[in-house]
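Chemist: Here you go, sequence then predicted model.
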Amino acid sequence: MGGYITCIVLALIIIFMGYLIHAKRKLWLIAGYQEDSFICNKDKLAKLFGVFSYIVGIATFLLPFGLEFWGIISGMVWRQLINKPF
């Protein structure tokens, strides 16, 4: 149960950080970003990193549920492979 709560809280933090980057244009949250040396479009950068953060947050949220589902299936397959006579 602790793994679920950890992944959900972490996913919410990542999604919130993506919102701050994408919607509020808080580019200082991006690691390695330097205002004075950046010469490209800042709106595109904010949108790209924001959407990327949304995707990572959603994947982090779904991770424990997928592991539980695929863990059961892989356990059943592994059990069949081990018990199979040669």
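Modeler: Arrived safely. Numbering: from 1, shown residues only.

Chemist: contacts and neighbour counts: CA atoms only from here.
Modeler: Will do.

Chemist: low-confidence ranges in the protein?
Modeler: Applying pLDDT under 70 to the chain flags the ranges 85-86.

Chemist: Centroid-nearest residue for it?
Modeler: residue 56 (2.2 Å; CA atoms, centre = their mean).

Chemist: Now do the same contact list for it.
Modeler: Residue 56 sits next to 11, 14-15 when contact means CA atoms under 8 Å, 6 or more residues apart in numbering.

Chemist: Next, please give the residue ranges for the helices of the chain.
Modeler: Ranges of helices within the chain are 2-22, 42-83, based on DSSP state H.

Chemist: out of those, deepest packed?
Modeler: Mean neighbour count (mean count of other CA atoms under 10 Å) peaks for helix 2-22 among the helices of the chain, with a mean of 18.

Chemist: between that one and helix 42-83, how many degrees?
Modeler: On the basis of axes from the mean of the first three to the mean of the last three CA atoms, to 10 degrees, helix 2-22 is oriented at 160 degrees to helix 42-83.
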